[in-house]
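> no FASTA, just this:
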Ligand code: GAP
């Protein structure tokens, strides 16, 4: 029997180090000593994060005729969060160590203070995770607003607007990608749990009798999405929540879990939310959020199946899964084996030398590729060093322009994973890449 893959604590440090050194993720406000649990995405990180979100949008919205997108506001009035249940129940149990005064989430400590070893804690108190702010110049309860702790509610409050503007009937979905905010007590593990993060969520509205079937369908789809983008099967598993662990809205939740360096943990959750949200918002707002089925002449509240993923957390999982060290020509190299759709740069154009003769044709190659692929252009250092630099950030293909290119109008295409090199006519370069990416 194959052995269970194990956690690998060193990997986290290696990936954090690479992420900083090569411009994926920086500590926010670093020149001021950093701001705990907030991160900025650098030139390579922003490319990769956008690629993760684009891959999700393509598969969840663009490729489907039953899902549409929205982009809702981040600020919301208390009424939304009262109806959704977040004001009352979106809390973590908080305890203080009586000796050193450190504050913890009760469920995250093992009876002993990780800071000083004391076993004496205050009684647990409920701490609401939403960020509260004031909208407008007037202070006081009337001006209270909240930063959304999930993108989901925008899909419920816009249910009627979307139905009235597109011709869809259940089963159909509304999708959204955007920032969410939670005042996490114990943010940790790099971008795994942060106070400001991005979500990719879809609310799929179905006739109640079909809810179980669609719940299973979306668990399967979402698990396969990660596999299809290169996360190995050995590092992915499904975990169905026990009834007593379900969130206040859920009739069933299954997590897609990833094997992080600290062990198995959540990557995405798929929930059967029943008619909880539409009913709550109907009752609280006085606006009926229902679907009228003309054929059956009946009005009903659809059930909701929700695949809820984190974009920033997914990016981290893709980086961790892609990180490898192997041996090339007797030397250890670091390589990110990222799927080409996620790689910050898909192609690097590398003139063999800085000599001006090569610049014209190199720029010509770059101009041909840049409209289709995210490209880097690098003329510094030896070609071997430049290949290593591209391997380390996951660039799947390097295109080298040399002096022969001036005569034969061919370039060398080097593959990141196999390091194999082939000579290709410049005119056939796009077709070659299309073939390698499976686009043709
Ligand atoms: N609408 C349901 C919902 O928000 P959730 O399990 O709380 O469900 C969904 O969040 C996903 O959002 C998680 O699986 C995770 O990927 C991401 N996520 C949640 N909290 C996060 C945080 N503090 N930092 C980074 N990602 C987070």
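Happy to help now that I have it. Since the model is a prediction, treat every value here as computed from it, not as a measurement.
> domain assignment for this structure?
If you go by automatic domain parsing, the domain ranges for the chain are 9-84+129-319, 91-128, 345-437.
> Could you dump the ones you listed into TSV with distance to residue 339 and mean pLDDT added?
Where C-beta positions appear, they are placed from N, C-alpha and C, glycine not excepted. Listed next are the domains of the chain as TSV, based on distance: least, C-beta to C-beta, whole Å; pLDDT from 0 to 100:
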stretch	distance to residue 339	mean pLDDT
domain 9-84+129-319	4	96
domain 91-128	33	89
domain 345-437	8	97
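> and those as CSV, adding distance to residue 326?
Output for these, formatted as CSV (distance: least, C-beta to C-beta, whole Å):
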stretch, distance to residue 326
domain 9-84+129-319, 14
domain 91-128, 36
domain 345-437, 9
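> and of the ones you listed, who's closest to the ligand?
domain 9-84+129-319 (2.5 Å; C-beta to the nearest ligand atom).
> and that closest one, is it in reach of the ligand?
Yes. Using C-beta under 6 Å from any ligand atom, a contact is recorded between domain 9-84+129-319 and the ligand, made by 150, 152, 182, 184, 193-194, 197, 199, 201, 266-269, 306, 308-310, 312-313.
> What's the ChimeraX line that selects buried ones from those residues?
In ChimeraX syntax, the buried subset of the residues of domain 9-84+129-319 next to the ligand is picked out as below (16 or more other C-beta atoms under 10 Å):
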select :150,152,182,184,193,194,197,199,201,267,268,269,306,308,309,310,312,313
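> if I look at the residue nearest the centre of the chain, how far off is residue 196?
When the chain is reduced to its mean C-alpha position, the closest residue under C-alpha atoms, centre = their mean turns out to be residue 311, at 1.6 Å. With distances taken as C-beta to C-beta, to the nearest Å, residue 311 is found 12 Å from residue 196.
> that's a helix at residue 320, yeah?
Yes. Residue 320: assigned to a helix according to DSSP: H, G, I helix; E, B strand; the rest coil.
> Check which helices and strands the longest helix along the chain is in contact with.
Criterion DSSP state H: the longest helix present in the chain is helix 211-228. Contacting helix 211-228 under the criterion 3 or more C-beta pairs under 8 Å, 6 or more residues apart in numbering; DSSP states H and E are the following elements: strand 196-206, strand 236-240, strand 252-260, strand 263-274, strand 303-310.
> so it versus strand 236-240, what angle?
On the basis of axes from the mean of the first three to the mean of the last three C-alpha atoms, to 10 degrees, helix 211-228 is oriented at 160 degrees to strand 236-240.
> burial count for the closest residue to the residue nearest to the centre of the chain other than its chain neighbours?
Among residues not flanking residue 311 along the chain, residue 198 sits closest, at 3.9 Å (C-beta to C-beta, 6 or more residues apart in numbering). When neighbours are defined as other C-beta atoms under 10 Å, residue 198 has 22 of them.
> Residue 177 is in contact with residue 198, correct?
Yes. With contact defined as C-beta atoms under 8 Å, residue 198 and residue 177 form a contacting pair (6.8 Å).
> Please identify every residue contacting each of these two.
Shared contacts of residue 198 and residue 177, defined by C-beta atoms under 8 Å, 6 or more residues apart in numbering, are found at 53, 311.
> What is the three-state secondary structure of the nearest residue to residue 276 once chain neighbours are set aside?
Leaving aside its sequence neighbours, residue 276 sits nearest to residue 249 (C-beta to C-beta, 6+ apart; 4.3 Å). Here residue 249 is recorded as coil under three-state DSSP.
> burial of residue 249, as a residue count?
A count of nearby residues for residue 249, using other C-beta under 10 Å, gives 20.
> In stretch 348-364, which residues are buried?
Neighbour counts over stretch 348-364 (16+ other C-beta under 10 Å) mark 348-352, 358, 361-362 as buried.
> before we move on, back to that, now the residue nearest to the centre of the chain: how far from residue 48?
10 Å.
> now the helices for the stretch 51-200 of the chain?
78-84, 86-89, 152-157, 159-165 (DSSP state H, counting those that start in this stretch).
> what's the most buried one of these?
helix 152-157 (a mean of 23; mean count of other C-beta atoms under 10 Å).
> So what's the gap between it and the chain middle?
Centre-to-centre, helix 152-157 and its host chain are 19 Å apart (C-alpha atoms, centre = their mean, to the nearest Å).
> same for that helix, what does it pack against?
Helices and strands in packing contact with helix 152-157 are listed as helix 78-84, strand 172-181, strand 196-206, helix 276-285, strand 303-310; criterion 3+ C-beta pairs under 8 Å, 6+ apart.
> and if we set it to 10 Å?
Contact here means 3 or more C-beta pairs under 10 Å, 6 or more residues apart in numbering; DSSP states H and E; on that basis helix 152-157 packs against strand 75-76, helix 78-84, strand 172-181, strand 196-206, strand 263-274, helix 276-285, strand 303-310.
> returning to what we had before: buried sites along the longest helix of the chain?
If you call a residue buried by 16+ other C-beta under 10 Å, then helix 211-228 has these buried ones: 211, 214-215, 217-219, 222-223, 225-226.
> Let's have those residues in TSV, adding distance to residue 145.
As requested, the buried residues of helix 211-228 are exported to TSV (distance: C-beta to C-beta, whole Å):
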residue	distance to residue 145
211	33
214	34
215	33
217	36
218	32
219	35
222	32
223	37
225	34
226	35
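> count of residues packed around the closest residue to residue 240 other than its chain neighbours?
The shortest distance from residue 240 to any residue other than its chain neighbours is 4.7 Å, reached at residue 254 (C-beta to C-beta, 6+ apart). Other residues within reach of residue 254, judged by other C-beta under 10 Å, total 21.
> My guess is residue 254 contacts residue 221. True?
No. Under the criterion of C-beta atoms under 10 Å, residue 254 is not in contact with residue 221, lying 12.0 Å apart.
> what do those two both touch?
Common neighbours of residue 254 and residue 221 (criterion: C-beta atoms under 10 Å, 6 or more residues apart in numbering): 270, 307.
> Between the helices and strands packed on helix 211-228, which one is closest to residue 104.
strand 263-274 (18.0 Å; C-beta to C-beta).
> Please name the strands paired to the closest one in the sheet, noting orientation.
Using DSSP bridges, the strands paired with strand 263-274 are strand 252-260 (antiparallel), strand 303-310 (antiparallel).
> Packed most tightly, which of the ones you listed would that be?
For these, average neighbour numbers computed from mean count of other C-beta under 10 Å are highest in strand 303-310, which has a mean of 25.
> Report the inter-axis angle for that one versus strand 172-181.
Using the same axes, to 10 degrees: strand 303-310 against strand 172-181 is 40 degrees.
> centre of the chain versus strand 303-310, how much separation?
Put simply, strand 303-310 sits 14 Å off its chain's centre (C-alpha atoms, centre = their mean).
> Check stretch 195-208 too.
Distance of stretch 195-208 from the chain centroid (C-alpha atoms, centre = their mean) equals 13 Å.
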